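[1] Test case, fold it:
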Amino acid sequence: MPTRRQFLAMGAALGGLFATSGCADVVYAASGSSDELQLGVIVATRSFAPSQAQLGHYLPYFQAVYDPIVRLQPDGTVAPSLATEWEYDESRTRLTLRLRDDVVFTDGSRFDSAAIKANLEAFKTENGPLSSNLRLVQGVETPSPDVAVVVLSAPDPGLFDSLGSAGGFVASPAALGQESLADRPVGSGPYLLDPAGTTIGVKYTFVRNPGHWGEPLPFERVVLTVIQDGRARLNALKAGQLDGA
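    Residues are numbered from 1 along each chain as shown. Modelled structure (predicted):
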């Protein structure tokens, strides 16, 4: 049976999976296996392309399969993720990011500054629902594989909020712009989408990514089952079919 500590560890590692950006309360039940977390969710993701990422109830889908550029902590601070260090210039229009060198995407390609550049450009240009969040990003310079410089047209106090959530998820550049990315994410996150256990729009099964650079999360498998009706979610919790909703 999952312990409260396991739930908290899972939520923190996915950048606030259970906080859902303040959009809803999360209810837990004492059921299930410690190797699997079963959650009832309100919505299905419309796409796994990072440029189409949204906040609130959509975030867990992206947090499972992608790493963000930085990680937002529950207390509002910013912690390392794909970027390990960062520094603004005096004008606060050039943000230099120093990047991890041990990250591999699930297609076998390596993460580097070119991946940051490709993903931020795609987020701005692929007409996603939150593309305007990066409207002040003029471009990304890549002086070396482990350094990216985000260039702004004006200081942006909300930039780290974007880089730690919808605007900061990073997919393999080779997958960007491909129609298949909508249903088959190619990231470097803590979990992989399991096609055999997934019915698009109904249930999504994620299995632990053995190649992830971070500490392994408590659950081998996470299952998100779409149950839009609140009473049905509550009944599933009471029946022990879900660990949380």
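
[2] Can you pull the phi/psi pair for the residue nearest the centre of the chain?
    By CA atoms, centre = their mean, the chain has its centre lying nearest to Gln63, at 2.4 Å. Main-chain dihedrals, Gln63, degrees, to the nearest 10: phi -60, psi -30.

[3] isn't it right next to Pro185, touching?
    No - the pair Gln63 / Pro185 is not scored as a contact, 11.3 Å apart, by CB atoms under 8 Å. In this view, the C-beta of every residue, glycine as well, is placed from N, C-alpha and C.

[4] related to what we said a few turns ago, any idea how far the residue nearest to the centre of the chain lies from Gly187?
    The gap separating Gln63 from Gly187 is 10 Å, by CB to CB, to the nearest Å.

[5] where in this protein is pLDDT low?
    1-34 (pLDDT under 70).

[6] if we go to 90?
    1-34, 76, 216-217, 245 (pLDDT under 90).

[7] how about the longest helix seen in the chain as CSV, C-alpha atoms only?
    Longest among the helix segments of the chain by residue count, using DSSP state H, is helix 113-125. In CSV, the C-alpha atoms belonging to helix 113-125 read as follows (Å, rounded to 0.1, in the frame of the first residue of the first chain):
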residue,chain,number,x,y,z
SER,A,113,21.5,23.3,-25.9
ALA,A,114,20.2,22.8,-29.4
ALA,A,115,17.3,20.9,-27.9
ILE,A,116,16.5,23.9,-25.7
LYS,A,117,16.6,26.1,-28.7
ALA,A,118,14.4,23.8,-30.9
ASN,A,119,11.8,23.3,-28.2
LEU,A,120,11.4,27.0,-27.2
GLU,A,121,11.1,27.9,-30.9
ALA,A,122,8.5,25.3,-31.4
PHE,A,123,6.5,26.4,-28.3
LYS,A,124,6.4,29.9,-29.7
THR,A,125,5.5,29.0,-33.3
